[in-house]
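> predicted model, plus sequence, below.
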Amino acid sequence: PRSPWCEGERARRRGAKDTMAGRVRVLSERMMIPGKEKAVKTLMMNVERNVRNQPGFVKGEILRDTAQPSLYLILTEWESMKHLNHWFETPFYKNIMKELNGTLQEPTSYRILRKQRDEVFLL
């Protein structure tokens, strides 16, 4: 599965300016195996407790799709890509992801987002 770090690294290689500076948001999509809800809840509560103490963590939300109850969306915000990459390298994150992967129907998908600097109304 593609990790958010890979997306940041691709942007850096393409010559994107200052990929490590400025706040980033990460949208993670996880499709859980039905019947694993209790295990998922326990694991996600553990992640939530741990991530709040990570340097550079700003905020996070765990959302559940109303049309697809097995689809969880996790939206986090970090002070910088550097802080996010540090989180991905922690032993806690690596270990908990191994456990969480056992509850997934498919690999996690990640999107790294930055706030649009120019005011653009697209609706």
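Structure received. Residues are numbered from 1 along each chain as shown.
> for residue 62, what are phi and psi?
Main-chain torsions, residue 62, degrees, to the nearest 10: phi -110, psi 120.
> what's opposite it in the beta bridge?
When assigned by DSSP bridges, residue 62 has beta-bridge partners residue 74.
> is it in contact with residue 43, as I believe?
No: between residue 62 and residue 43 there is no contact under C-beta atoms under 8 Å: 11.0 Å. No exception for glycine: its C-beta is placed from N, CA and C like everyone else's.
> burial measure for the residue lying closest to residue 114 once chain neighbours are set aside, as a count.
Nearest non-adjacent residue to residue 114, counting by C-beta to C-beta, 6 or more residues apart in numbering: residue 24, 5.9 Å away. Residue 24 has 25 neighbours, counted by other C-beta atoms under 10 Å.
> so residue 55: helix, strand or coil?
Here residue 55 takes the coil state, with states given by DSSP: H, G, I helix; E, B strand; the rest coil.
> not counting sequence-adjacent ones, nearest residue to it?
Nearest non-adjacent residue to residue 55, counting by C-beta to C-beta, 6+ apart: residue 83, 5.9 Å away.
> can you give me the strands for this structure?
Under the criterion DSSP state E, the chain contains strands at 24-31, 57-64, 71-78, 109-113.
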